[in-house]
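*Asks:* here is my input; please provide its structure:
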Amino acid sequence: QVQLVESGGGLVQAGGSLRLSCAASGRTSSTYYMGWFRQAPGKEREFVVSINWSTGSTYYANSVKGRFTISRDNAKNTVYLQMNSLQPEDTAVYYCAAGSRWSSTVVRTTPTAYDSWGQGTQVTVSS
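*Replies:* Sure, this is the predicted structure:
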């Protein structure tokens, strides 16, 4: 099992930036990929981006492409999500997740592809 702890959320004005961090501990050697999801009140959990832990290849949701950037630091077992040009519709609780079983890029856009989840961090974008 992998334990995940997110940090970096907060309140920002539209057009601003935030960087989220997700620190992994435990059986990190079993991690194939990691991802970020978000969930706004009354909505389903939504895929944001995934990253292959070994190759660094990424896959973004269209809604954040060009604004958000995922990166990883393998030595620190940490994944980052740099969020620029934030808009009120980006307001949500952001969750970090890790997957330990190989799956296709498309499948990695679904929550069921992930074994471990963080507790979430709130991002609020004011207009």
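*Asks:* for the rest of this, base every contact and every neighbour count on C-alpha atoms.
*Replies:* OK.
*Asks:* list the residues that contact the spatially closest residue to Gln82 that is not a sequence neighbour.
*Replies:* Excluding the flanking residues, the one nearest Gln82 by Cα to Cα, 6 or more residues apart in numbering is Arg19, at 4.4 Å. Contacts were defined as Cα atoms under 8 Å, 6 or more residues apart in numbering; by that measure Arg19 touches 8-9, 80-83.
*Asks:* the residue nearest to the spatial centre of the chain: which element?
*Replies:* The centroid of the chain falls nearest to Trp36 when counting by Cα atoms, centre = their mean (1.8 Å). Per DSSP states H and E: Trp36 is located in strand 33-39.
*Asks:* show residues contacting stretch 43-52.
*Replies:* Applying Cα under 8 Å, 6+ apart, the contact partners of stretch 43-52 are 32-39, 57-61, 63-64, 70-71, 108-111.
*Asks:* how about stretch 53-71: buried residues?
*Replies:* By neighbour count on 16 or more other Cα atoms under 10 Å, the buried set for stretch 53-71 is 53, 58-60, 64, 68-71.
*Asks:* pick out the most distant pair among those.
*Replies:* Trp53 and Val64 (20.2 Å; Cα to Cα).
*Asks:* check the gap between the residue nearest to Met83 when sequence neighbours are not counted and Tyr60 for me.
*Replies:* Nearest residue to Met83, sequence neighbours excluded (Cα to Cα, 6+ apart): Phe68, at 4.5 Å. Distance, Phe68 to Tyr60, by Cα to Cα, to the nearest Å: 8 Å.
*Asks:* chain neighbours aside, what residue packs nearest to Ser7?
*Replies:* Nearest residue to Ser7 in three dimensions, chain neighbours excluded: Ser21, at 5.2 Å (Cα to Cα, 6+ apart).
*Asks:* got the angle for the helix or strand harbouring that neighbour vs strand 33-39?
*Replies:* Element membership of Ser21, judged by DSSP H and E, is strand 18-26. Computed by axes from the mean of the first three to the mean of the last three Cα atoms, to 10 degrees, the angle separating strand 18-26 from strand 33-39 equals 130 degrees.
*Asks:* could you dump strand 18-26 to PDB, C-alpha only?
*Replies:* Output of strand 18-26 as PDB, limited to C-alpha atoms (Å, rounded to 0.1, in the frame of the first residue of the first chain):
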ATOM      1  CA  LEU A  18      -0.900  27.300  -7.400                       C
ATOM      2  CA  ARG A  19       1.400  24.300  -7.100                       C
ATOM      3  CA  LEU A  20       0.200  21.200  -5.500                       C
ATOM      4  CA  SER A  21       2.500  18.500  -4.100                       C
ATOM      5  CA  CYS A  22       1.800  14.800  -3.400                       C
ATOM      6  CA  ALA A  23       4.300  13.000  -1.300                       C
ATOM      7  CA  ALA A  24       4.200   9.200  -1.500                       C
ATOM      8  CA  SER A  25       5.500   6.700   1.100                       C
ATOM      9  CA  GLY A  26       5.200   3.000   1.800                       C
END
